[in-house]
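J.: Model the following, please.
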Amino acid sequence: MQATARIYFQKAPAKRTTDDLCPVKLCVTHNRKRKYYSISEEIKDHSWLYVTEDAIEKITSDSPRGKYRDMAFEYKRITDKATAIINELAIFSFNQFEQKFKNEVTDWDNVFAAMIEHIKELKSEDRFSYAMSFESTMRAVKEYHQGKALDYNCRQKVVTRYEDYLSGKALSFVDITPAWLKRFEKHLRQQGKSTSTIGVYVRNLRVMFNLAINEHKVRAENPFKKHKPKTSTGRKIALTAEQISLIANYQTGDPKELFHRDMFMFSFLGCGMNLTDIARLRHSNIEGGEIIFVRKKTEAGEKTEEALRIPITRQMQSIIDLHSVRAVGHDAFLFPILRPDWDEERKFAEVRQLTKMVNYYLKRIAKAVKIEENVSSYVARHSWATISKNTGASTEYISEQLGHSSVLVTKLYLKGFEKEARERQSGKIEDAIYNQKVI
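T.: Numbering: from 1, shown residues only. Got it, this is the predicted structure:
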């Protein structure tokens, strides 16, 4: 859906001036999201930035006259400029529109400036998790490039660090070569970063190169023609049915521990449903004894949104009965985690906090029931897939319920777990031979 632009007169009492004048803004709408922009840099007469309610009626009439006609033409000129900018963009984003409308100049030759712009772009699209990944990458690149760690308070917002990233020794895309990438990876390993984390950082740099060269015409040799980001082969943790049972039957009088345990179990019973999807479930997602939803993870990337259908089991219904928000409307959130008046950034932050608390209580419960694995909320998904496979579910069914793009993805996903099963079985055979008591 293409964006639209129009002049908006802010009549709300809270927006009016002390003289009861209504501010005049440019309103741009895209995918039901609206943003309002000042037109002070565009308008000929600054007295036209604020108008009376009577003037609004005359300006918006079918045949405005006198100065009201001039004002109407001026407002139309501004909306025509905005519409032309929108039409120039192959794929609309508020960030790109703002840069062109405000005539902002960005320097994509500077890696840090480019990354900051890309992060702002992702946030404008409500892709906060992906933006955080690039923020972590930018910090790692800056620390390596300047040869020292950045000392930031964990509560300090990333946006306040941007000046630091842009200051000091500059880094251009031409400076990043295959040799530079190898040194960067070595530095990260020495810092104790996992292969998985290193792979994420390097792949993010590859994304930046593709954007810089293909979209922003930066003249630089793409080092990823010769350098391939490493892929983690680390072990994914999947609990056994017995271990999941220990967590499910754990008794507690702590309401917080109970709630966060039940969110983990709802994730497991819901075919490995992610916590972000659980938090965003609404009563309207329940139809005919099933939960029907589109994974938040696929909303931005998939051209067609394939809805998943998860049967509500008896225990899932018990969790809904115990914890759900009641009598607040068919389209209200199912669980008391998010509020409808929060913006996407606040919702993202609350889901992160939910994940943190589920992990905290899950580790506490695991210790109490003597599960030695380092468990987290994500083992629900791994465990459901593994237990389903071991109890005879087809790979096609598992693929469909996990929301994978193809069965091949699911086979690769299950491959690591199958290796663990083979190792356990080989170990049992070895124990049966070598640990026998000789009579």
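
J.: give me the number of residues near E98?
T.: E98 has 16 neighbours, counted by other CB atoms under 10 Å. C-beta: built from backbone N, CA, C; applies to glycine.

J.: which element is it on?
T.: Using DSSP states H and E, E98 sits within helix 94-101.

J.: what's the residue nearest the centre of the chain in contact with, if anything?
T.: Geometric centre of the chain, nearest residue: S129, 3.1 Å, by CA atoms, centre = their mean. S129 is in contact with F348, counting by CB atoms under 8 Å, 6 or more residues apart in numbering.

J.: right, and L122 touches E135 too?
T.: No. Judged on CB atoms under 8 Å, L122 makes no contact with E135 at a distance of 9.6 Å.

J.: Which neighbours do those two have in common?
T.: By CB under 8 Å, 6+ apart, L122 and E135 have no common neighbours.

J.: before we move on, the earlier item: quick check: mean pLDDT across the helix holding E98?
T.: Helix 94-101 carries an average pLDDT of 80.

J.: That helix packs against which elements?
T.: Judged by 3 or more CB pairs under 8 Å, 6 or more residues apart in numbering; DSSP states H and E, helix 94-101 is in contact with strand 22-30, strand 33-37, helix 66-88, helix 111-124.

J.: list the buried ones in the longest one?
T.: Of the residues in helix 66-88, those scored as buried under the neighbour-count criterion (16 or more other CB atoms under 10 Å) are Y68, M71, A72, E74, Y75, I78, T79, K81, A82, T83, I85, I86.

J.: Name the nearest residue to G289, sequence neighbours excluded.
T.: The spatially closest residue to G289, leaving aside those adjacent along the chain, is I312, at 5.5 Å (CB to CB, 6 or more residues apart in numbering).

J.: And for the one you found, the neighbour number?
T.: So I312, with other CB under 10 Å, has 16 neighbours.

J.: hmm, back to that, how far does the helix holding E98 sit from its chain's centre?
T.: Here helix 94-101 is found 22 Å from its chain centre; the criterion is CA atoms, centre = their mean, to the nearest Å.

J.: please begin residue numbering at 24 from this point
T.: Okay, residue one is now 24; in that scheme the one you just asked about reads as helix 117-124.

J.: what residues does that helix touch?
T.: 26, 49, 51, 53, 56, 58, 60, 104-105, 108-109, 111-112, 127, 129, 140, 143-144, 147.

J.: Need the buried ones from those residues selected in PyMOL.
T.: The following PyMOL line selects those of these that are buried, judged by 16+ other CB under 10 Å:
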select buried, resi 26+49+51+53+60+104+105+108+109+140+143+144+147
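
J.: Now do the strands in the chain.
T.: 27-32, 45-53, 56-60, 73-74, 309-310, 313-316, 331-334 (DSSP state E).

J.: Would you mind giving those as TSV with distance to T83 and mean pLDDT added?
T.: Formatted as TSV, the strands of the chain follow (distance: least, CB to CB, whole Å; pLDDT from 0 to 100):
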stretch	distance to T83	mean pLDDT
strand 27-32	8	95
strand 45-53	12	94
strand 56-60	18	91
strand 73-74	10	94
strand 309-310	44	92
strand 313-316	42	90
strand 331-334	46	87
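
J.: most tightly surrounded among these?
T.: Mean neighbour count (mean count of other CB atoms under 10 Å) peaks for strand 45-53 among the strands of the chain, with a mean of 19.

J.: if I look at the residue nearest to G312, how far off is L298?
T.: Distance of I335 to L298, given as CB to CB, to the nearest Å: 18 Å.

J.: where in the stretch 24-173 of the chain is pLDDT low?
T.: Applying pLDDT under 70 to the stretch 24-173 of the chain flags residues 24, 126-129.

J.: Which of the helices and strands packed on helix 117-124 sits closest to D187?
T.: In terms of CB to CB, the element of the helices and strands packed on helix 117-124 nearest to D187 is helix 134-147, at 9.4 Å.

J.: what's the closest one packed up against?
T.: Helix 134-147 packs on helix 117-124, helix 151-169, helix 185-189, helix 218-237, going by 3+ CB pairs under 8 Å, 6+ apart.

J.: Export it to PDB, keeping only CA atoms.
T.: The C-alpha coordinates for helix 134-147 follow below in PDB (Å, rounded to 0.1, in the frame of the first residue of the first chain):
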ATOM      1  CA  VAL A 134      30.100   3.000   8.000                       C
ATOM      2  CA  PHE A 135      28.800   4.300  11.400                       C
ATOM      3  CA  ALA A 136      26.600   7.000   9.800                       C
ATOM      4  CA  ALA A 137      25.200   4.400   7.400                       C
ATOM      5  CA  MET A 138      24.500   2.000  10.300                       C
ATOM      6  CA  ILE A 139      22.800   4.700  12.300                       C
ATOM      7  CA  GLU A 140      20.600   5.500   9.400                       C
ATOM      8  CA  HIS A 141      19.700   1.900   8.800                       C
ATOM      9  CA  ILE A 142      18.900   1.400  12.500                       C
ATOM     10  CA  LYS A 143      16.600   4.400  12.400                       C
ATOM     11  CA  GLU A 144      15.000   2.900   9.300                       C
ATOM     12  CA  LEU A 145      14.400  -0.400  11.000                       C
ATOM     13  CA  LYS A 146      12.900   1.300  14.100                       C
ATOM     14  CA  SER A 147      10.500   3.400  11.900                       C
END
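
J.: can you give me the angle it makes with strand 45-53?
T.: Comparing the axes of helix 134-147 and strand 45-53 via axes from the mean of the first three to the mean of the last three CA atoms, to 10 degrees yields an angle of 90 degrees.

J.: got TSV for the helices and strands packed on helix 134-147, with distance to E373 too?
T.: Converted to TSV, the helices and strands packed on helix 134-147 look like this (distance: least, CB to CB, whole Å):
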stretch	distance to E373
helix 117-124	23
helix 151-169	11
helix 185-189	25
helix 218-237	24
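
J.: I'd like to know which of those helices is closest to Q33.
T.: The closest of the helices and strands packed on helix 134-147 to Q33 is helix 117-124. By CB to CB, the value is 18.5 Å.

J.: so what are the domain limits for this structure?
T.: As recorded under automatic domain parsing, the domains making up the chain are 27-124, 134-248, 264-452.

J.: Make JSON lines out of these and add distance to T254.
T.: Conversion of those to JSON lines gives the following (distance: least, CB to CB, whole Å):
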{"stretch": "domain 27-124", "distance to T254": "29"}
{"stretch": "domain 134-248", "distance to T254": "6"}
{"stretch": "domain 264-452", "distance to T254": "11"}
